[in-house]
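**Student:** the amino acid sequence is not available; the structure is as follows:
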């Protein structure tokens, strides 16, 4: 024969039927037909001096060793210890179940020699309370436990929830270091600029002297090559005396003084020229009032 399914009726209907019969509003047969519950079960529940809600929640089969209220208290204790970061082991729960049974003078099937409940009781306890589960513990430091509180968690996560961290885009176009902002015409910046330009000029002079000292005269067999070298050397020496221009194109050299607007090609008096270290423009030494080797024109100083 297939197993008979028990307690398939509606629990709320059974509670209402028990209350109606206990108030003498209906009899057993009428209440059973009215609410659709078995008459024998209704009669048995009415005769017991227990609330209808507790009678409906009684499970079929063997009764647990601990009553419902003690198991609920043990469940809340396990949850409280977990909130305090001190989770209980399965053996600890079995020990506490044995101690509860002894202190409350309850009849129990637990082992007296081991002073703990059995595996079957533990499986039934976890099945009756599905909010409890078995987890593998992890080591947590005392400082982390102390700092893990609602206030610290809210302070840590709320700024990122309200204002997400912006993503920074790296600019690989230039790897030069940026300097601090300052006034160009100020004396501290001017002095530092002049010093850096002088150091740069000294380094360039040293490099040119080393190159000239390390150069060896190259002897060539053909006379034509010697003539070409002589002409190239003479032309380069002549070009050194001619000022280099930022706005010159090709082989045409024609500098213009920003003060008197005179061109270098039209200079017939042999006046000396000087190049500004900032804008790299040429000017007459008399017009620019050049006093030292590092020349800065008044146009750059007024910027």
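**Tutor:** Received it, and whenever you're ready, just let me know what you need. Everything quoted here is computed from the prediction, not taken from an experiment.
**Student:** for residue 296, what are phi and psi?
**Tutor:** Main-chain dihedrals, residue 296, degrees, to the nearest 10: phi -120, psi 120.
**Student:** isn't it right up against residue 191?
**Tutor:** No: the criterion here is Cβ atoms under 8 Å, and residue 296 misses it with residue 191 at 11.3 Å. C-beta coordinates here come from the backbone N, C-alpha and C atoms, glycine included.
**Student:** the more surrounded of the two?
**Tutor:** Remark: of residue 296 and residue 191, residue 296 carries more neighbours, 18 against 10, as counted by other Cβ atoms under 10 Å.
**Student:** residues touching the more buried one, list them.
**Tutor:** By Cβ atoms under 8 Å, 6 or more residues apart in numbering, the residues touching residue 296 are 190, 194, 276-278.
**Student:** give me the buried entries from those residues.
**Tutor:** 194, 276-277 (16 or more other Cβ atoms under 10 Å).
**Student:** ok, back up a step: ok, so of the contacts of residue 296, who is nearest residue 76?
**Tutor:** residue 190 (78.9 Å; Cβ to Cβ).
**Student:** so what's the closest residue to residue 271 other than its chain neighbours bridging to?
**Tutor:** Closest residue to residue 271 apart from its sequence neighbours, by Cβ to Cβ, 6 or more residues apart in numbering: residue 284 at 5.4 Å. Beta-bridge partners recorded for residue 284 (DSSP bridges): residue 273.
**Student:** isn't residue 284 up against residue 261?
**Tutor:** No: using Cβ under 8 Å, residue 284 is not in contact with residue 261, being 10.7 Å away.
**Student:** which neighbours do these two share?
**Tutor:** If you check residue 284 and residue 261 against Cβ under 8 Å, 6+ apart, no residue is contacted by both.
**Student:** now residue 282. Its backbone dihedrals?
**Tutor:** Dihedral angles for residue 282 - degrees, to the nearest 10 - are phi -90, psi 150.
**Student:** and for it, nearest residue in space, chain neighbours not counted?
**Tutor:** Take residue 282 and drop its neighbours on the chain: the residue closest to it by Cβ to Cβ, 6+ apart is residue 255, 3.9 Å away.
**Student:** how near is the one you found to residue 126?
**Tutor:** Distance of residue 255 to residue 126, computed by Cβ to Cβ, to the nearest Å: 96 Å.
**Student:** who has more neighbours, these two?
**Tutor:** Legend: neighbour count by other Cβ under 10 Å for residue 255 and residue 126, higher for residue 255 (23 against 16).
**Student:** pLDDT score for the more buried one?
**Tutor:** For residue 255, the model assigns a pLDDT of 74.
**Student:** and residue 263, backbone torsions?
**Tutor:** Dihedral pair for residue 263: phi -90, psi 150, per degrees, to the nearest 10.
**Student:** around it, how many other residues sit close by?
**Tutor:** Other residues lying near residue 263 total 11 when counted by other Cβ under 10 Å.
**Student:** who is it paired with across the strands?
**Tutor:** With DSSP bridges as the criterion, residue 263 is bridged to residue 256.
**Student:** separation between it and residue 282?
**Tutor:** For residue 263 relative to residue 282 (Cβ to Cβ), the value is 10 Å.
**Student:** please enumerate the shared neighbours of these two.
**Tutor:** Taking Cβ under 8 Å, 6+ apart as the criterion, residue 263 and residue 282 both touch 255-257.
**Student:** need those in TSV (columns: distance to residue 213).
**Tutor:** What follows is the shared contacts of residue 263 and residue 282, written out as TSV (distance: Cβ to Cβ, whole Å):
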residue	distance to residue 213
255	32
256	37
257	36
